[in-house]
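**Q** The following comprises the amino acid sequence and a computationally predicted model.
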Amino acid sequence: MQRIKGLLFAAALATFSLPGWAKVAVAEVKAQVYDSYVKLGGTVIPFKKVTLTAQSAGQINYLAGEEGDRFKKGTLLASIDDSALLAKRKAAYAQWQRAAAAYQNAITMYNRELWAPQSKTPMPGMGLPSMFDQMFSRPMSEAMDITDYDAARRADLIAARNRIKEALAQMEAARAQIEEIDVLLRYTKLLAPFDGVIVKKFVEVGDTVQPGQPIMDFAKSNHLSIEVNVPVSLMGAIEKGRIFQASINHGTPINVRVAQIFPVADDKQHTVKVKFDIPLGARAAPGMYAEVYLPNPQSNNLKFPVVPESAIVRRGSLPAVYVVDPKTGEVHMKIVRLSQQGKNGYHLVLSGLRAGEKVILDPPPNIHSGMVYRDGQLLEPQPAEGDDNQDEHDDD
């Protein structure tokens, strides 16, 4: 019986002395200045967003894609039926052609008057009447100041020039009408102003629209920003290009950069609109809720212990850390009270831990208080010698 108990004791002793885990790391708890932060809510917005509206009345005959589809700059996104405008353009072009013909005819008549004045055209007829008119009637009427043929010629030239100007004005009016219709025709085609995505459509194919009616929202969503109304009292820490922490939908904190500060404050809410650029690759979409952490100017700059996220375990709803005794290496679990997550993934500890203590990073799943940390390994505790002697007395 004693032999069996001795064998069992040796096996248990061997089990206790074996290292139970792979190597683990420890970190010393540091103390950092804790600046009180104010959490401000905002909205994720696209870097650029436009609302495409109808510039002419008509029926929608084409819409490209659905919400979420991406398009390159210059791609046709929507079009309005332009058959009525095309008919008006044909009529305006016909007016221009008629005015052009009148212009050519006026130039011809002017040249004719210039080289063959009507005032010097002989009287119709043959023989003696015509000869009498050329030799006696015109010279006598001009000598007696009855008729001024030079003045009549000048009047005919002026009338011919006026007919040229009138025809030219008709051509310009027709050309202006054509250009106006061409502008309206361009308005029937809505093109993508930049590389982006359709955010929202307000109409469908077949709908009749009027000038100014929204067709769709188009946004450049590969670059996102957070728009926040910052109280005037917190604007002292805001400057363009400065980095702050933010979270989107209560997710992992990210760094955001001040991109734009609006120059005028809201006189009713006493806030200033500020835009923060979100880094590329962040899990965000337009319309999501976001929070930005800004320093509170009334902070007292208190120092608090900080621990990395990898050192924290959660037993139920309470966060805890495993602390190593500096003398014995014994591991103890401590319940801690955490504040909001600080910089670089570290948590601020309000109570339960002191600066200078050492905590285990990435604790194994089966870790428990009483284990011993030695040479980078976690070991089960060794049995005390007093317990061995007591067993021998029990055997006796």
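**A** Noted; the coordinates are in hand.
**Q** mind listing the strands in the stretch 51-200 of the chain by residue range?
**A** Assigned by DSSP state E, counting those that start in this stretch, the strands in the stretch 51-200 of the chain fall at 58-63, 70-71, 76-80, 189-191, 196-201.
**Q** closest one to K327 among these?
**A** Set against K327 and scored by C-beta to C-beta, the strands of the stretch 51-200 of the chain come closest in strand 196-201, at 61.9 Å. Quick note: C-beta positions are derived from backbone N, CA and C, even for glycine.
**Q** Quick check: which ranges of the stretch 1-150 of the chain have low pLDDT?
**A** 1-22, 34-36, 116-150 (pLDDT under 70).
**Q** one step back: dump the strands of the stretch 51-200 of the chain into CSV; add distance to M288 as well.
**A** Shown next, in CSV, are the strands of the stretch 51-200 of the chain (distance: least, C-beta to C-beta, whole Å):
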stretch, distance to M288
strand 58-63, 26
strand 70-71, 19
strand 76-80, 25
strand 189-191, 27
strand 196-201, 13
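**Q** Which helix runs longest in this structure?
**A** The longest helix of the chain (DSSP state H) is helix 149-187.
**Q** For that helix, which helices and strands make contact with it?
**A** Contacts defined by 3 or more C-beta pairs under 8 Å, 6 or more residues apart in numbering; DSSP states H and E place helix 149-187 against helix 83-115.
**Q** what angle do the helix it packs on and strand 58-63 make?
**A** 110 degrees (axes from the mean of the first three to the mean of the last three C-alpha atoms, to 10 degrees).
**Q** Please parse the protein into its domains.
**A** The chain breaks down by automatic domain parsing into domains covering 2-6+17-32+302-395, 37-61+193-298, 84-187.
**Q** Make CSV out of those domains and add distance to G68.
**A** Formatted as CSV, those follow (distance: least, C-beta to C-beta, whole Å):
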stretch, distance to G68
domain 2-6+17-32+302-395, 32
domain 37-61+193-298, 6
domain 84-187, 26
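**Q** Of these, which is nearest G74?
**A** Set against G74 and scored by C-beta to C-beta, the domains of the chain come closest in domain 37-61+193-298, at 8.7 Å.
**Q** From the chain's centroid, how far away is the longest helix of the chain?
**A** Helix 149-187 sits 50 Å away from the centroid of its parent chain (C-alpha atoms, centre = their mean, to the nearest Å).
**Q** which parts of it are buried?
**A** For helix 149-187, burial by neighbour count (16 or more other C-beta atoms under 10 Å) applies to 153, 156, 160, 163-164, 167-168, 170-171, 174-175, 177-178, 181, 184-185, 187.
**Q** Ok, stretch 66-84 next?
**A** So, applying 16+ other C-beta under 10 Å, buried residues of stretch 66-84: F71, L77, A78, S79, I80, D81, D82.
**Q** Same question for stretch 282-300.
**A** A282, A284, P286, M288, A290, E291, V292, Y293, L294.
**Q** Name the residues that touch it?
**A** Contacts to stretch 282-300, defined as C-beta atoms under 8 Å, 6 or more residues apart in numbering, come from residues 34-46, 49, 199, 219, 221, 224, 226, 228, 230, 233-234, 236-238, 244-251, 254, 256, 276, 278, 340.
**Q** Can you tell me which of these are buried?
**A** With burial judged by 16+ other C-beta under 10 Å, the buried subset of those is 34-35, 37-38, 40, 42, 44-46, 199, 219, 221, 224, 226, 228, 230, 234, 238, 244-248, 254, 256, 276, 278.
**Q** Generate TSV for the buried residues of stretch 66-84, with distance to G370 as supplementary columns.
**A** Converted to TSV, these look like this (distance: C-beta to C-beta, whole Å):
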residue	distance to G370
F71	64
L77	68
A78	72
S79	76
I80	79
D81	82
D82	84
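**Q** Of those residues, just say which sits nearest to S351.
**A** Among those, F71 lies closest to S351 (C-beta to C-beta), at 55.1 Å.
**Q** re the thing from before, what's the closest of the buried residues of stretch 66-84 to L191?
**A** Distance to L191, by C-beta to C-beta, is smallest for L77 among these, at 6.6 Å.
**Q** give the contact list for that closest one.
**A** Contacts for L77 (C-beta under 8 Å, 6+ apart) come out as L52, L63, A64, F71, L190, L191, A192, I198, I215, M216, F218.
**Q** Pick the one among those residues closest to D325.
**A** Closest to D325, out of all of the contacts of L77 and judged by C-beta to C-beta, is I198, at 62.1 Å.
**Q** Can you name the residues bridging to that closest one?
**A** F218 (DSSP bridges).
**Q** can you tell me which residues contact it?
**A** I198 neighbours (C-beta under 8 Å, 6+ apart): A64, G65, E66, E67, G68, D69, F71, L77, M216, D217, F218.
**Q** With P193 instead?
**A** Here P193 is in contact with V50, K73, F218 (C-beta under 8 Å, 6+ apart).
**Q** one more time with 7 Å, if that's ok
**A** Each residue near P193 by C-beta atoms under 7 Å, 6 or more residues apart in numbering is listed here: V50, K73.
**Q** I'd like to know how far it sits from L85.
**A** As defined by C-beta to C-beta, to the nearest Å, P193 lies at a distance of 22 Å from L85.
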